[in-house]
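Colleague: the following comprises the amino acid sequence and a computationally predicted model.
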Amino acid sequence: MGVVIRQSFWGSVFAYVGVVIGYLNALYLRPKYLDPEQIGLLNIVVNNALLIAPFICLGMPSTLVKYYPHVEKDEARRRSFLSNQIYLILFANILGALLFFIFTDDIKSVFEKKSAAYNEYIFLSLMILVSQTFFIQLQSYSRVVLDIVVPAILKDIYLRIGYALLICLYAANLIDFGDTVKGLTLVYISATIIEAMHVLINQNFKMSLFSWTSMKKWIAETWNYSIYNLAASAGNSIYTNISFLLITTLIGLESNGIFTTCFYIGIIIELPNRAVLMITAPVVSREFKNKNYVEIENLYQRSSLTLGCIGFLFLIGIVCNIEDLFLMIPNGKVFSQGLYVVMAISFAKVFDMLFGLNGNILAYSEHYRVNVYFLLLSVAVLCILNLTLLPTIGINGAGIAFLVSTILFNLLKHYYIVRHLKISLFTKNHIWLLLIGFGTMLLFYFVSIWESPVLNIVGKSALISTFYGILIYKFNISRDINSFVKSIFKKYLNIKI
């Protein structure tokens, strides 16, 4: 658990540094210098690539995590294993590009009515798609060697700094908007190149020459698991990105720009969850290999409590400060149309964090197929609700759809894990966490300290953090958080608490 905590900690640190930069982008630079339609266009160029990327990856990233423990000590098998995955993704990219060029006119027709401006940049989505497929695969390799720091920096900081610099150049009239979109594409491509250099130089990533015989044997061994993980990865991608596509095609780029900004406010809650899931995935895989169900349950409960404590803190901060936050955003009156989107996404992400590792537990167990079935069912619910609600209540309908499908997905997974794997999640500390979390939220929701939105947010956040933090520590909700706090006080303040 030690390496998990260390890597998760640094992953979370870089994630939250990225949040600061992301907030600068999403809540100041973009609203100030771009109109909602331009924000929506930049978002859809990237998100359409991210939507398709898992289909091109063919389930290879999860297959790498699953089977790497079986080959890591055999150099020849390890090289062959890593090489076959890269070659397969390369072939899939070539095939995907051919299909894209064949059906370009048909793809453009989907956006012509509501978001015609996107068609001018549609080829940039293809370029980002190709780069991201390799980045995702190389990131998975960093996960299995328990070194997520560099990919975390690239994903959470480098891309956002690049985005911010491009907007600043556009604001200074040094480049036009078209150059901004092209520059963002180059930022994504360069991130993949840097990650490739990192794993080649620092993580002993070595490949062998292509062998059709080796490829056929490897496909035969991993085909079933890869197919199901392709469905899982594709389902996750649709789950995360389909709302942007549907809003763009059904309502327009301007609404997508507003939804994008509000969605970002909500998803910052989940950033520690991403780091923990990334670093615990190979640990869960190894424990299943060793049939160590006690340790899996321990990881499940501890990660849920730790993530739940962090998630609730940010949820309380968002809910209690949301109106002041919109007053701070340039053109905040326009973006405040998505207030309920922020609320829905925030609650959905905390719900996700409370159920912790349920996805990893199913994905790396013999019941991995069930995870895919539940995911596809939840994606179907998400799409149906979006198609039903978007035309009637706009982007708030997308927020409701995301919340409902998230709750359904987690409840299904939890029920199956308890019933079939006999692994329990909830403890009495979860009850205390809910009481402390919602109690703090109710206590501070109507509190207003200063008229200035900035000072009010700072003051309320400080009070909330202090009050909530003391209760979490005193009730010993998370052993890992308490241990971390004690070590910080002892190491830097020489105080034993």
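Modeller: Noted; the coordinates are in hand.
Colleague: please identify the helix or strand for the residue nearest to I393 when sequence neighbours are not counted.
Modeller: Residue nearest to I393 in three dimensions, not counting chain neighbours: I400, with 7.9 Å by CB to CB, 6 or more residues apart in numbering. In this view, the C-beta of every residue, glycine as well, is placed from N, C-alpha and C. Under the criterion of DSSP states H and E, I400 resides in helix 395-416.
Colleague: buried residues in that helix?
Modeller: Under the neighbour-count criterion of 16 or more other CB atoms under 10 Å, helix 395-416 has 395-407, 409-410, 412-414, 416 buried.
Colleague: tell me the confidence at F244?
Modeller: Turning to F244, the model gives it a pLDDT of 93.
Colleague: so what's it up against?
Modeller: Contact analysis of F244 by CB atoms under 8 Å, 6 or more residues apart in numbering lists N43, I44, N47, N256, F259, T260.
Colleague: tell me the contacts of the nearest residue to the last one once chain neighbours are set aside?
Modeller: So that's T260. Take T260 and drop its neighbours on the chain: the residue closest to it by CB to CB, 6+ apart is N43, 4.4 Å away. By CB under 8 Å, 6+ apart, the contact list for N43 reads F244, N256, G257, T260.
Colleague: so which of those wins on neighbours?
Modeller: Neighbour counts for the contacts of N43 peak at N256, which has 33 neighbours (criterion: other CB atoms under 10 Å).
Colleague: quick one: list the elements packing against the next helix-or-strand element following the helix holding I400.
Modeller: For helix 395-416, the following helix or strand on the C-terminal side (DSSP H and E) is helix 428-445. Packed against helix 428-445 by the contact rule (3 or more CB pairs under 8 Å, 6 or more residues apart in numbering; DSSP states H and E) you find helix 293-328, helix 453-474.
Colleague: rerun that using 10 Å as the cut-off
Modeller: Helix 428-445 sits against helix 293-328, helix 339-354, helix 453-474, with contacts defined as 3 or more CB pairs under 10 Å, 6 or more residues apart in numbering; DSSP states H and E.
Colleague: list the buried residues in stretch 295-313.
Modeller: 296-297, 299-313.
Colleague: coming back round to it: list just the nearest of the contacts of N43 to D156.
Modeller: T260 (17.3 Å; CB to CB).
Colleague: my guess is that closest one contacts E37. True?
Modeller: No - using CB atoms under 10 Å, T260 is not in contact with E37; the gap is 11.3 Å.
Colleague: shared neighbours, the two?
Modeller: L253 (CB atoms under 10 Å, 6 or more residues apart in numbering).
Colleague: after the helix or strand bottoming out on mean pLDDT in the chain, which helix or strand is next? Please name it.
Modeller: Within the chain, no helix or strand scores below helix 2-24, which has a mean of 69 by mean pLDDT, DSSP states H and E. For helix 2-24, the following helix or strand on the C-terminal side (DSSP H and E) is helix 30-33.
Colleague: helix or strand right after that next one?
Modeller: helix 36-57.
Colleague: can you pull the buried residues of the helix or strand that that next one is followed by?
Modeller: Using DSSP H and E, the helix or strand that directly follows helix 36-57 along the chain is helix 60-71. For helix 60-71, a neighbour-count test (16+ other CB under 10 Å) marks M60, P61, S62, T63, L64, V65, K66, Y67, Y68, V71 as buried.
Colleague: between helix 60-71 and the helix or strand that helix 60-71 is followed by, find me the angle.
Modeller: Next in sequence after helix 60-71, counting helices and strands by DSSP H and E, comes helix 75-102. Helix 75-102 runs at 170 degrees relative to helix 60-71, counting by axes from the mean of the first three to the mean of the last three CA atoms, to 10 degrees.
Colleague: chain center to the helix or strand that helix 75-102 is followed by: distance?
Modeller: Downstream of helix 75-102, the first helix or strand assigned by DSSP H and E is helix 104-111. Here helix 104-111 is found 28 Å from its chain centre; the criterion is CA atoms, centre = their mean, to the nearest Å.
Colleague: now the angle from helix 104-111 to helix 36-57?
Modeller: Computed by the same axes, to 10 degrees, the angle separating helix 104-111 from helix 36-57 equals 130 degrees.
Colleague: contacts for helix 104-111, please.
Modeller: So helix 104-111 is contacted by 44, 48, 99-100, 103, 112, 116-120, 122-123, 125-126, 245, 248-249, 253 (CB under 10 Å, 6+ apart).
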